[in-house]
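Student: no letters, just coordinates:
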């Protein structure tokens, strides 16, 4: 049986597991640069400048990782 992935969750899992630095662009134009420590369905915990910040997922428009994230070829 083919395993199915949620592409958003896969992307966040890779960011968290590999501790990839990323830029989180918020809807208000703010750019948060840091490492994703934890996430759930509502919030992201990002470490930036030695501080941990909680960001609501609905406030994030774009995430730009500092290195390439490889995705599985099949979903």
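Tutor: In hand now; what should we look at? Since we're looking at a predicted model, the values are computed, not measured.

Student: give me the neighbour count for residue 30.
Tutor: Using other CB atoms under 10 Å, residue 30 is surrounded by 10 other residues. Backbone N, C-alpha and C define where each C-beta goes, glycine included.

Student: likewise residue 20?
Tutor: Residues near residue 20, counting by other CB under 10 Å: 16.

Student: could you do residue 65 as well?
Tutor: Neighbours of residue 65 (other CB under 10 Å): 15.

Student: residue ranges in the protein under the pLDDT threshold?
Tutor: 1-5, 74-75 (pLDDT under 70).

Student: let's see it at 90
Tutor: Where the chain drops to pLDDT under 90, the residues are 1-7, 70-75.

Student: tell me, which strand in it spans the most residues?
Tutor: When the chain is parsed with DSSP state E, its longest strand is strand 31-39.

Student: ok, then the element right after that one?
Tutor: Downstream of strand 31-39, the first helix or strand assigned by DSSP states H and E is strand 43-48.

Student: what packs against that following strand?
Tutor: Counting contacts by 3 or more CB pairs under 8 Å, 6 or more residues apart in numbering; DSSP states H and E, strand 43-48 packs against strand 31-39, strand 51-56.

Student: name the residues that touch the shortest one?
Tutor: Under the contact criterion CB atoms under 8 Å, 6 or more residues apart in numbering, strand 51-56 has outside partners 24, 26, 32, 34, 37, 42, 43, 44, 45, 46, 47.

Student: let's see it at 7 Å
Tutor: 24, 32, 37, 42, 43, 44, 45, 46 (CB atoms under 7 Å, 6 or more residues apart in numbering).

Student: for residue 12, see how far away the residue lying closest to residue 34 once chain neighbours are set aside is.
Tutor: Spatial nearest neighbour of residue 34, chain neighbours left out: residue 48 (3.2 Å); criterion: CB to CB, 6 or more residues apart in numbering. Distance, residue 48 to residue 12, by CB to CB, to the nearest Å: 16 Å.
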